[in-house]
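Here is a sequence with its predicted model. Questions after.
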Amino acid sequence: MTDRRHRAAPPRTRGRTRQVTPRTHWLLLCVLVVTLAAALLLQGYTHHMFRITSDDVTGPRGRDQAVPSRVTQGGPVIANAATSPHTARPKGRTIALTFDDGPDPVWTPRILDVLRRNHVQATFFVVGTEVVAHPELVRRIVADGHQIGIHTFTHPDLARLAPWQRSLELRETQLAVTGATGVTTALLRPPYSSGNDALDDADWSVLKQADADGYVTVLSTQDAQDWQRPGTDRVLANATPRGHAGQILLMHDGGGDRSQTVAALSTLIPRLKAQGFRFATVGAAVGMAGPVQRAGLSDRLQGMALIGLLRAGDQTVWLLGVLMYVAGAVSVLRAAVVLFAARRHRRQRKRRRGRTWGPAVTERVSVIVPAYNESAGIEAAVRSLVASDHPVEIIVVDDGSTDGTADLVESLRLPGVRVIRQRNAGKPAALNTGLAAAGCDLVVMVDGDTVFEPDAVRTIVQPFADPRVGAVSGNAKVVNRGGLLGRWQHIEYVVGFNLDRRLFDLAECMPTVPGAVGAFRRRALLALGGVSDVTLAEDTDLTMALCRAGWRVVYEERAVAWTEAPASLSALWRQRYRWCYGTLQAMWKHRAALTQRGAAGKLGRRGLGYLLLFQVLLPLLAPVVDVFALYGLVFLDPLRVTALWLAFLLLQLLMGLYAFRLDGERPGPLWSLPLQQFVYRQLMYLVVIQSVFTAVAGSRLRWQRMERYGSLRAPVGAETPGDDVPPQVPAASTPQV
């Protein structure tokens, strides 16, 4: 695709064109990114920072000198831990059934059904993340007359957290319960807790902080150990009291398969009732007054907002995961398609060796060079054209340059070179001026910063021996490939552009003949009315119009030309922004090809479909891959995420090696491919985002001239008119940078 270096009339639009300040949508994008990052951080913390494994207390106990003896030897309900702690025990022959780690969508309803059949109330210590996921179950718990307690938000070991994290865990769980049910609770059971005698100094600091936050700690006196899933009979035995003392029985309604809990509970309750035991909530069992109260409006609203935010985060992560898989599948599909097409294209060209498109094309060719302030590279470009081994007339159309471009070309006094001056009207107008002045039926269009190989003109016009061919795309290579940015663009030209052109050639749906090196039938262009100025990608627009007119457009990789690439990120951004926006304009202009037949239908359904899928939608999905990769590195399995990233990098490397081999390039620059993923790739998809936004908003984009760096070298020997031997350009394998 050509560098957009001339000013041109803005695209024609119907109605009034809205002017959108670019900063506005970037501000919106930043706000969206920050919001998304916050949601993902919260979702990752709440779902992946801690995992429920079991309520087993592992590791050696710490020192317990700070724990008062009246607590270690007291009852399981501990109040006023921060001031004057006291404890309470359940009344005799009273069982307080407690369930941890829920609510669970499978097991909690079954346990509630068992309790309802037996007319028993229990206490459920809920995990905040599960409350957010299943608020309707918490509402059912409260509606059935059971008590609610909190079991932290993410089920961490509170003793290992900083004080601020403990407060956050308790506060967020309380808000979740309030948002789901409209009540608050003063009951707390710390994860991984057991009986009073297991408390150490770290645990005691947790209880004191919880008391300061208004909570009463509820431990247990008997553990059914159902989390171990030892079998229904064993769970039943563990849950049966020894004697007639009141018990706070620890069981689970979440955190895993609780089928044994449900089965044991169905037998336990009738059996203990027959033995004279009664069942009560924790509050009723110890005579606590009103541990669960109605919540205020402010807390209720905060809780509902928290639930809404976290559920939105869950949905966002799910959607990002789906989009990531879609992006991965599309990337693999593209790699498979282009590699298959490139291999088949190569085989076709091998079979054609020794044969030509037809009789050799020897007729003279008009070479049109539109130039606007091209003094840095115009001499090298013109001298390389004069050095061609094919008869040419060279028409340099100076489009109102202010840097002496026309004067420089005239001062060279090169044979067969003509200079036409015109007022600045834009590149399409300059090309049309050249077309009108051309004396040959075959024309080659060349950018003013491009150097041709000696055989490039002869090679690029040979496909015109086939009367069906209306245009030929040459092989543009980056000359200033030094430094990372130059290497990255070199890789993109070889791997991206040229592999795609082989595919388009094979599928007969070439959407773009690059302005740097392209050949056309003059009569085909004149039949279209010349080069249109309604898009910023005049080369893409022109090529699509030729395809729709029934002409075949082919790719000739042996027609090599060297062109300057942007040497700074800002210049690259401006160039690719114009390219992408212009391509979107051209796609929209020629959208009717989607429903047409023949050559136009091939362009529409193959070419436009490919561009839409792989050059618009796939880049739009690329940020999803990056965001989800960072999310996975922090909260999921870093090794798995890294392995997936390396797999995709390997796929790109294999594509690169094959493309470099096809193009006869040394693979050395591919060492920079991993680094390309961290700067260049993001720049490219941000360009697409900007272009799509501009197109949707209806903003106008003007032509801008790319800065010239003078990296092209003039060929030696072209300055002597009348030489029998054509002058030579520098060797293609060693461009001068």
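In hand now; what should we look at?

same for the helix or strand containing residue 304, what does it pack against?
In this assignment (DSSP states H and E), residue 304 forms part of helix 297-352. For helix 297-352, the packing partners by 3 or more C-beta pairs under 8 Å, 6 or more residues apart in numbering; DSSP states H and E come out as helix 22-48, helix 128-133, helix 163-181, helix 498-507, helix 618-635, helix 638-662. In this view, the C-beta of every residue, glycine as well, is placed from N, C-alpha and C.

Name the stretch among the ones you listed that sits most buried.
Most buried of the helices and strands packed on helix 297-352, by mean neighbour count (mean count of other C-beta atoms under 10 Å): helix 128-133, with a mean of 25.

Quick one: list the elements packing against that helix.
Using 3+ C-beta pairs under 8 Å, 6+ apart: helix 128-133 touches helix 22-48, helix 163-181, helix 297-352.

Compare those helices and give me the one nearest residue 638.
Closest of the helices and strands packed on helix 128-133 to residue 638 is helix 22-48, at 11.7 Å (criterion: C-beta to C-beta).

Okay, residue 438 and residue 237: tell me how far apart.
99 Å (C-beta to C-beta, to the nearest Å).

what about the two, which has more around it?
residue 438 (20 against 14; other C-beta atoms under 10 Å).

Now do the more buried one against residue 394, distance only.
Following C-beta to C-beta, the distance that separates residue 438 from residue 394 is 11 Å.

Ok, residue 340 next?
Using C-beta to C-beta, residue 340 is found at 40 Å from residue 394.

ditto for residue 291
Taken as C-beta to C-beta, the span from residue 291 to residue 394 is 93 Å.

Equivalent analysis for residue 459, please.
17 Å.

Give me the angle between the helix holding residue 304 and helix 163-181.
Helix 297-352 runs at 100 degrees relative to helix 163-181, counting by axes from the mean of the first three to the mean of the last three C-alpha atoms, to 10 degrees.

Direction included, what does the helix or strand that helix 297-352 is followed by pair up with?
Note on helix 297-352: by DSSP H and E, the next helix or strand toward the C-terminus is strand 365-371. Applying DSSP bridges, strand 365-371 is found paired with strand 392-399 (parallel), strand 442-445 (parallel).

closest one to residue 688 among those?
For the strands paired with strand 365-371, proximity to residue 688 was assessed by C-beta to C-beta; strand 442-445 is nearest, at 26.4 Å.

and the closest one, C-alpha only, in CSV?
Provided in CSV are the C-alpha atoms of strand 442-445 (Å, rounded to 0.1, in the frame of the first residue of the first chain):
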residue,chain,number,x,y,z
LEU,A,442,1.1,0.1,-20.0
VAL,A,443,1.8,2.4,-17.1
VAL,A,444,3.8,1.8,-13.9
MET,A,445,3.1,4.0,-10.9
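
Tell me how far it lies from the chain's centre.
41 Å (C-alpha atoms, centre = their mean, to the nearest Å).

what does the average pLDDT come to for it?
For strand 442-445, the mean pLDDT works out to 97.

buried stuff in it?
442-445 (16 or more other C-beta atoms under 10 Å).

And the strands in the stretch 401-550 of the chain, which stretches?
For the stretch 401-550 of the chain, applying DSSP state E, counting those that start in this stretch gives strands covering 417-422, 442-445, 450-452, 469-478, 518-521.

partner strands of the shortest one, parallel or antiparallel?
The strands that strand 450-452 pairs with in its sheet are strand 552-563 (antiparallel) (by DSSP bridges).

pLDDT at the closest residue to residue 265 other than its chain neighbours, what is it?
In space, and not counting its chain neighbours, residue 265 is closest to residue 114: 5.1 Å by C-beta to C-beta, 6 or more residues apart in numbering. pLDDT recorded at residue 114 is 97.

List of residues touching the helix or strand residue 114 falls within?
According to DSSP H and E, residue 114 maps onto helix 107-117. Identification of contacts with helix 107-117 by C-beta atoms under 8 Å, 6 or more residues apart in numbering yields 97, 99, 102, 121-122, 124, 134, 137, 140-141, 144, 146, 253-254, 257-259, 261-262, 265-266, 269.

from the residues you listed, which would you call buried?
Buried, going by 16+ other C-beta under 10 Å: 97, 99, 102, 121-122, 124, 134, 137, 140-141, 146, 253-254, 258, 261-262, 265-266, 269, out of these.

In helices, which of these fall?
Counting by DSSP state H, these place 137, 140-141, 261-262, 265-266, 269 in helices.

ok, now which ones touch residue 102?
108, 124, 126-127, 130, 137, 252-255.

what's the answer for residue 338, then?
Residue 338 neighbours (C-beta under 8 Å, 6+ apart): 499-500, 502-503, 655.

If we only consider those residues, which is nearest to residue 185?
Among the contacts of residue 338, residue 655 lies closest to residue 185 (C-beta to C-beta), at 58.6 Å.

can you list the contacts of residue 102 in a markdown table and add pLDDT and distance to residue 432?
A markdown table is the format used below for the contacts of residue 102 (pLDDT from 0 to 100; distance: C-beta to C-beta, whole Å):
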| residue | pLDDT | distance to residue 432 |
| --- | --- | --- |
| 108 | 97 | 75 |
| 124 | 98 | 79 |
| 126 | 97 | 74 |
| 127 | 95 | 72 |
| 130 | 94 | 70 |
| 137 | 97 | 72 |
| 252 | 96 | 80 |
| 253 | 96 | 78 |
| 254 | 93 | 74 |
| 255 | 89 | 75 |
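
any chance of the residues you listed in TSV, plus distance to residue 487?
Converted to TSV, those look like this (distance: C-beta to C-beta, whole Å):
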residue	distance to residue 487
108	59
124	61
126	56
127	52
130	51
137	57
252	58
253	59
254	54
255	53
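
what's the closest of those to residue 205?
Looking across these and measuring by C-beta to C-beta, the closest to residue 205 is residue 127, at 21.9 Å.

what are the phi and psi angles of the closest one?
phi -90, psi 130 (degrees, to the nearest 10).

so what's residue 47 up against?
129, 154, 314, 635 are the contacts of residue 47 under C-beta under 8 Å, 6+ apart.

Report the separation between it and residue 103.
In terms of C-beta to C-beta, residue 47 sits 16 Å off from residue 103.

Quick check: the gap between residue 98 and residue 251.
In terms of C-beta to C-beta, residue 98 sits 7 Å off from residue 251.

Revised request: answer the last question for residue 82.
From residue 82 across to residue 251, the span is 29 Å (C-beta to C-beta).

the more surrounded of these two?
Shown here are residue 82 and residue 251; by other C-beta under 10 Å, residue 251 has more neighbours (27 against 13).

partners of the more buried one in the sheet?
The partner residues for residue 251, given DSSP bridges, come to residue 99.

Thought residue 101 was touching it, still the case?
No: the pair residue 251 / residue 101 is not scored as a contact, 9.8 Å apart, by C-beta atoms under 8 Å.

Quick check, residue 619 in contact with residue 685.
Yes: the pair residue 619 / residue 685 is scored as a contact, 4.2 Å apart, by C-beta under 8 Å.

quick revisit: using JSON lines, lay out the helices and strands packed on helix 297-352 together with distance to residue 346.
Formatted as JSON lines, the helices and strands packed on helix 297-352 follow (distance: least, C-beta to C-beta, whole Å):
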{"stretch": "helix 22-48", "distance to residue 346": "42"}
{"stretch": "helix 128-133", "distance to residue 346": "54"}
{"stretch": "helix 163-181", "distance to residue 346": "60"}
{"stretch": "helix 498-507", "distance to residue 346": "8"}
{"stretch": "helix 618-635", "distance to residue 346": "25"}
{"stretch": "helix 638-662", "distance to residue 346": "6"}
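
Perfect, I'm done here.
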